[in-house]
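Q: Only the shape, not the letters, is given here:
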């Protein structure tokens, strides 16, 4: 198995989490949330956003991942949901080659998840230093 394939499999495992898969809510991927939707206040709203973000990640819809993960991070998420959203935000931002959210995510992730984020980012030409500094490769 190639290094690229290993990191892709690892990223999918990290994103899938331990919960049973749920059907994402029907949402238009190009529709930005209204100002009333930005504050996720209930556990159900947070969980729906996590499910949408995971599905969007698996489908390669990086912008949708960033929107839903950010809503979870800014909402009333449990520590586990917050961590999952940070992980998704980092992985999608690597694919978008957007260093700001990568830095945010890397500094909040732990050991193996930091290594995974480094690997996925490396595939997209983004390098992450030990102190979390993100640079684009040549």
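A: Thanks, I have the structure now. The model shown is predicted, which means the values in this text are computed figures rather than measured ones. Numbering: from 1, shown residues only.

Q: which secondary structure elements does the strand or helix carrying residue 86 contact?
A: Here residue 86, judged by DSSP states H and E, is contained in helix 79-96. Packing contacts for helix 79-96, counted by 3 or more Cβ pairs under 8 Å, 6 or more residues apart in numbering; DSSP states H and E, involve helix 3-16, helix 43-58, helix 62-74, helix 99-108, helix 111-123. To be clear about C-beta, it is placed using only N, CA and C from the backbone, and glycine gets the same treatment.

Q: what about residue 134, distance to residue 72?
A: Distance, residue 134 to residue 72, using Cβ to Cβ, to the nearest Å: 22 Å.

Q: With residue 130 instead?
A: Distance of residue 130 to residue 72, computed by Cβ to Cβ: 27 Å.

Q: ok, the two, which is more surrounded?
A: residue 72 (26 against 8; other Cβ atoms under 10 Å).

Q: Would you mind giving me the confidence score for the residue lying closest to the more buried one once chain neighbours are set aside?
A: Nearest residue to residue 72, sequence neighbours excluded (Cβ to Cβ, 6 or more residues apart in numbering): residue 85, at 3.8 Å. Note on residue 85: pLDDT of 97.

Q: give me every residue that touches residue 85.
A: 49, 50, 53, 68, 69, 70, 72, 73, 77 (Cβ atoms under 8 Å, 6 or more residues apart in numbering).

Q: Could I have the ChimeraX command that selects the buried members from those residues?
A: Buried members of the contacts of residue 85, defined by 16 or more other Cβ atoms under 10 Å, are picked up in ChimeraX with:
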select :49,50,53,68,69,70,72,73,77
